[in-house]
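**Student:** A structural model of the following input is requested.
(one chain, ligands or ions: 1)
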Amino acid sequence: MVLSRRDHPVIVGLGGTARADSSCEKALRFALGHAEQLGAETILLTSTALQLPIYPADSDVRDGLALNLLAHLKRANGVIVASPGYHGSISGLVKNALDYAEDLRGEERPYLEGRSVGCIVSAAGWQAAITTLVTLRGVAHALRGWPTPLGVAINSMEPSFDAEGRCLSPALAERLQTLGEQVFAFASVADLLYATR
Ligand SMILES: Cc1cc2nc3c(=O)[nH]c(=O)nc-3n(C[C@H](O)[C@H](O)[C@H](O)COP(=O)(O)O)c2cc1C
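**Tutor:** Modelled structure (predicted):
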């Protein structure tokens, strides 16, 4: 049996908010962009791609956006999820998108099994950012994903990005790059976990 690593793992970036200038989306783009620089094939699914019907648990009918999301998640070796902190938790938009992973339950690697999951949260204060990050990591874990050791919490009351999406804080830039690196590193070797099956 040949054990090998992927030089170009597929990493899906998912999240942001419905707000045009979302700090959450900028953080997602920044981390995903770093994974791309390392060699990943990246797919970005932000708010317009995630305006999905509430997950229809009692029906097999899926709209085009949902099928697009599922096709990308199925191929993914790693995922970066970015959510705002809304009233003590992740946003409905992001949670609903993640609920669609239910449709991957019958796959060889169900849900997000075998995928690294980098979690990013932006909220208007540290308390909400941290508690929401813990929640998001819990959701990733429930989906059988492998949350990376580093998650990134952002306090959007502090200047983080300019209008073009450039990161204004060297410390935040370093954390987002490290998260991108960790998702990339695990996504490159995750297949080895299954090589002995
Ligand atoms: C519906 C809603 C609920 C929110 N709830 C909280 C909250 O409970 N705590 C908090 O710190 N910020 C809260 N915020 C602020 C967002 O977390 C904050 O703006 C975050 O950085 C998302 O901003 P973005 O649109 O720039 O990504 C809320 C915002 C909205 C729109």
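**Student:** Determine the set of other helices and strands touching the longest helix along the chain.
**Tutor:** Longest helix in the chain by number of residues, with DSSP state H as the criterion: helix 170-189. In this structure, helix 170-189 makes packing contacts with strand 10-15, helix 23-37, strand 78-86, strand 116-123, strand 152-155, judged by 3 or more C-beta pairs under 8 Å, 6 or more residues apart in numbering; DSSP states H and E. Any C-beta I mention is one placed from the backbone N, CA and C, and that applies to glycine too.
**Student:** Turn the ones you listed into a markdown table, columns for mean pLDDT and distance to Asp99.
**Tutor:** Below are the helices and strands packed on helix 170-189 laid out as a markdown table (pLDDT from 0 to 100; distance: least, C-beta to C-beta, whole Å):
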| stretch | mean pLDDT | distance to Asp99 |
| --- | --- | --- |
| strand 10-15 | 98 | 12 |
| helix 23-37 | 97 | 19 |
| strand 78-86 | 98 | 13 |
| strand 116-123 | 98 | 15 |
| strand 152-155 | 98 | 23 |
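**Student:** Just tell me which of those ends up closest to Ala57.
**Tutor:** Of all the helices and strands packed on helix 170-189, it is strand 10-15 that lies closest to Ala57, at 20.0 Å by C-beta to C-beta.
**Student:** Just the residues contacting that closest one, thanks.
**Tutor:** 24-25, 28-29, 31-32, 35-36, 40-46, 50, 69, 72-73, 75-83, 94, 97-98, 120, 183-184, 187 (C-beta atoms under 8 Å, 6 or more residues apart in numbering).
**Student:** Show the buried residues in these.
**Tutor:** Buried members of the contacts of strand 10-15, counted by 16 or more other C-beta atoms under 10 Å: 24-25, 28-29, 31-32, 35-36, 40, 42-46, 50, 69, 72-73, 76-83, 94, 97-98, 120, 183-184, 187.
**Student:** returning to that earlier point: what angle separates the longest helix of the chain from strand 78-86?
**Tutor:** What separates the directions of helix 170-189 and strand 78-86 is an angle of 140 degrees, with axes from the mean of the first three to the mean of the last three C-alpha atoms, to 10 degrees.
**Student:** Return the set of buried residues in helix 170-189.
**Tutor:** Along helix 170-189, the positions that meet the burial threshold by neighbour count (16+ other C-beta under 10 Å) are 172-173, 175-188.
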